[in-house]
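Asks: pasting the sequence and the predicted coordinates here, then a few questions.
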Amino acid sequence: MKRNLILAPGPTQIPPDLCAALGKPIIHHRTPQFAQNLKDVIDGLQYVMQTKNDVYILTSSGTGAMEAAVCNLVGKGDKAITVEGGKFGERWTELCKVYGAEPQVIEVKWGTAVKPADIKALLDKDKSIKAVFVTLNETSTGVVSDIKSIAAVVKETNAVLVVDAISGLGVIDIKMDDWAVDVIVSASHKGFMLPPGISFVAMNEKAYKLVEKCETPRYYFDLRKSKKVYNDPDTPFTPAISIVVALVDSLRKFKEEGLDKLFARYAKLAEATRAAAKALGMTILAGDDCVSNAVTPIVLPEGVAGGKVVKIMRDTYGVTVAGGQGYLKGKIVRIAHMGCVDEYDILTGIACFEKALKDVGYSFEMGAGVKAAQEVFNS
Ligand SMILES: Cc1ncc(COP(=O)(O)O)c(C=O)c1O
């Protein structure tokens, strides 16, 4: 039997108890039972986001929440800042353009993080900028942005800070209220260990004032509709009920473990993965100052075809990791450690990575990666 281990950055593995929760008989969404589930979900997401702000639940993948943020905050002719240091930063630019906004793009070398001072310089120059769109964990490059410092810059202005935390939330620390982040978007199928299907938009008062003023035509993702029924609590349209129900159990795990322990656990998995890659003679795309604890971007040696390695790992050995995107296609392998992943999964993933590297003819000391990872876990 071939195992099916997912070490890709979403969708992530679903633990058996959450599979069972997903399989519960459906309940109707306009009932007190479902309202209680929604209440628990909002409460749990507020815990993970470290906020008292409203958290709206949408029925979509993560991009839907990104689109909701854009079309509720900016419109035709509005100025915005976007940061392009990877595929998902580019998505903010594309969304802004679709809704007629005018993004001023900060281009960042892939593998590095945006400098908060560069955001400040643009905001100082143009006081009419309404929103700054950034990415917590740029999944395509394994780079984490310094959201705390960016927020410190943006909070001094009239602009709102919108953070795509789709692959970072519940894996990497983000303190919405303490740091003054105005909007966080995220989704169910990464750190939360559930299938794709629901997304979240958390928003403070400063951002909601923009929502009320925003004239962009919108319907399904009109957050005024979510706000109207928020305190019931209810959703304006039929939600992905089963995922909301299972999310209650997922979020309970976060509270039971506690955020500090949770972040430390992922940090260890990431450290072990990086150590393994280095022991195999490889480098990490992201610098030490910004490397992600959610996904490790491993730069393959010249001549090793990344696409082949990923395919062999998946089709021959049953371990799914991700290859590179954009210009990094074929050049990197991304091993994720988010959601339901433990040290034995990482050791299996590394062992399988070694087997695939052997299969493509890369010469190295077999077992060196596993040993390096073991040493981190034993430290
Ligand atoms: C950082 C980030 N933003 C946005 C997305 C897009 O999310 P979705 O594919 O759920 O629409 C992803 C998905 O991988 C992501 O990692």
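Replies: On my side now, so go ahead.

Asks: give me the number of residues near Phe53?
Replies: For the record, residue 53 is Asn, not Phe. 21 (other Cβ atoms under 10 Å). For every residue, glycine as well, the C-beta is placed using N, CA and C.

Asks: pretty sure it is touching Val181, no?
Replies: No - using Cβ atoms under 8 Å, Asn53 is not in contact with Val181; the gap is 9.2 Å.

Asks: what touches both of the two?
Replies: Contact with both Asn53 and Val181 is made by residues Asn204, according to Cβ atoms under 8 Å, 6 or more residues apart in numbering.

Asks: isn't Ala246 up against Leu18?
Replies: Yes - with contact defined as Cβ under 8 Å, Ala246 reaches Leu18; the gap is 5.2 Å.

Asks: next up, the contacts around Ile14.
Replies: Contact analysis of Ile14 by Cβ under 8 Å, 6+ apart lists 22, 193-195, 340.

Asks: okay, Thr59: pLDDT?
Replies: Note for Thr59: predicted pLDDT of 98.

Asks: likewise Ile332?
Replies: Ile332 is assigned 98 on the pLDDT scale.

Asks: not counting sequence-adjacent ones, nearest residue to it?
Replies: Among residues not flanking Ile332 along the chain, Gly324 sits closest, at 4.1 Å (Cβ to Cβ, 6 or more residues apart in numbering).

Asks: what pLDDT does the model give that neighbour?
Replies: Here the pLDDT value assigned to Gly324 is 97.

Asks: wait, it touches Ala305, no?
Replies: No - the pair Gly324 and Ala305 fails to qualify as a contact (Cβ under 8 Å) at a distance of 11.2 Å.

Asks: which residues do these two both contact?
Replies: Both Gly324 and Ala305 are contacted by Gly330, under the criterion Cβ under 8 Å, 6+ apart.

Asks: which of those two has more neighbours?
Replies: Between Gly324 and Ala305, counted using other Cβ under 10 Å, Gly324 has the larger neighbour count: 24 against 16.

Asks: show me the contacts for that one.
Replies: 140, 306, 330-334.

Asks: now do the residue nearest to Ile332 against Lys24, distance only.
Replies: To Lys24, Gly324 is 39 Å away according to Cβ to Cβ, to the nearest Å.

Asks: likewise for Ala151?
Replies: In terms of Cβ to Cβ, Ala151 sits 38 Å off from Lys24.

Asks: likewise for Gly361?
Replies: 49 Å.

Asks: try Lys213
Replies: To Lys24, Lys213 is 41 Å away according to Cβ to Cβ.

Asks: ok, now Thr273?
Replies: In terms of Cβ to Cβ, Thr273 sits 34 Å off from Lys24.

Asks: the two: which has the busier surroundings?
Replies: Taking neighbours as other Cβ under 10 Å, Thr273 and Lys24 compare with Thr273 leading, 28 against 12.

Asks: related to what we said a few turns ago, please list the members of the contacts of Gly324 that lie in strands.
Replies: By the criterion of DSSP state E, membership of the contacts of Gly324 in strands covers 332-334.

Asks: what segments of the stretch 1-150 of the chain are helices?
Replies: For the stretch 1-150 of the chain, applying DSSP state H, counting those that start in this stretch gives helices covering 16-22, 32-49, 62-73, 87-98, 116-125, 147-154.

Asks: could you dump the ones you listed to JSON lines with mean neighbour count and distance to the ligand?
Replies: Below are the helices of the stretch 1-150 of the chain laid out as JSON lines (neighbours: other Cβ atoms under 10 Å; distance: least, Cβ to the nearest ligand atom, whole Å):
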{"stretch": "helix 16-22", "mean neighbour count": "15", "distance to the ligand": "17"}
{"stretch": "helix 32-49", "mean neighbour count": "18", "distance to the ligand": "16"}
{"stretch": "helix 62-73", "mean neighbour count": "25", "distance to the ligand": "3"}
{"stretch": "helix 87-98", "mean neighbour count": "20", "distance to the ligand": "4"}
{"stretch": "helix 116-125", "mean neighbour count": "15", "distance to the ligand": "18"}
{"stretch": "helix 147-154", "mean neighbour count": "21", "distance to the ligand": "13"}
